[in-house]
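In: Take a look and give me a structure for this.
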Amino acid sequence: WLRRLLDAPGDDGAPDAITLHCRTVAEASKIAAPWERLRLAANVLREAGRGINYDGDDGSSNDDHGDGICLLANGDIWTMRDARTVASMGCDGAMLARAFFRDPWCLRDDGDSGSGVAGTGTGGGTVLGGDGALGDVGDDIG
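Out: Reported below is the predicted structural model:
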């Protein structure tokens, strides 16, 4: 299905971004998200010359955003460590759902790299996006 999206003709051609949930409808949340499907999707995009930020196992890289399609991961991303793992598979970002419901500060730095992304604790912080700070958040969110 991904290759069909890439080959879509005309103005309604390939999308700018794709969010890939790693599980099927039948699998639901019964199994851990099989993240290896992310690497497969990233490889399809890279082979088509449409990947954005991919550092392949063979040392190849594509950082040209011109025709790139942003690949977003979804499914069982609970921590910054998880986000870094899916990034290492060729994903450009992640979408979270259950993790944010459980802990809105789940992307605070967990000590792996000192990145300081998304706050420093449960009392508030700065939410960051791909192009910089999106805004400050505090205790009065509700």
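In: So in the protein, which helix runs the longest?
Out: Determined from DSSP state H, the single longest helix within the chain is helix 36-47.
In: got the buried residues for that one?
Out: Residues of helix 36-47 classed as buried under the neighbour-count rule (16 or more other C-beta atoms under 10 Å) are 37-39, 41-46. To be clear about C-beta, it is placed using only N, CA and C from the backbone, and glycine gets the same treatment.
In: got it, and stretch 87-105?
Out: Buried residues in stretch 87-105, defined by neighbour count with 16+ other C-beta under 10 Å: 87, 89-94, 96, 99, 104-105.
In: Regarding it, how distant is the last residue from the first?
Out: End-to-end distance of stretch 87-105: 19 Å, with C-alpha to C-alpha, to the nearest Å as the criterion.
In: burial of Ala26, as a residue count?
Out: For Ala26, the number of neighbouring residues by other C-beta atoms under 10 Å comes to 6.
In: give me the element it is part of.
Out: In this structure, Ala26 is located outside every helix and strand according to DSSP states H and E.
In: mind checking how far it is from Asp82?
Out: When C-beta to C-beta, to the nearest Å is the yardstick, Ala26 and Asp82 sit 23 Å from each other.
In: Asp16 now?
Out: 24 Å.
In: ok, these two, which is more surrounded?
Out: Each of Asp16 and Asp82 had its neighbours counted (other C-beta under 10 Å), and the higher figure belongs to Asp82 (21 against 7).
In: helix/strand/coil for that one?
Out: Assigned state for Asp82: helix (three-state reduction, DSSP: H, G, I helix; E, B strand; the rest coil).
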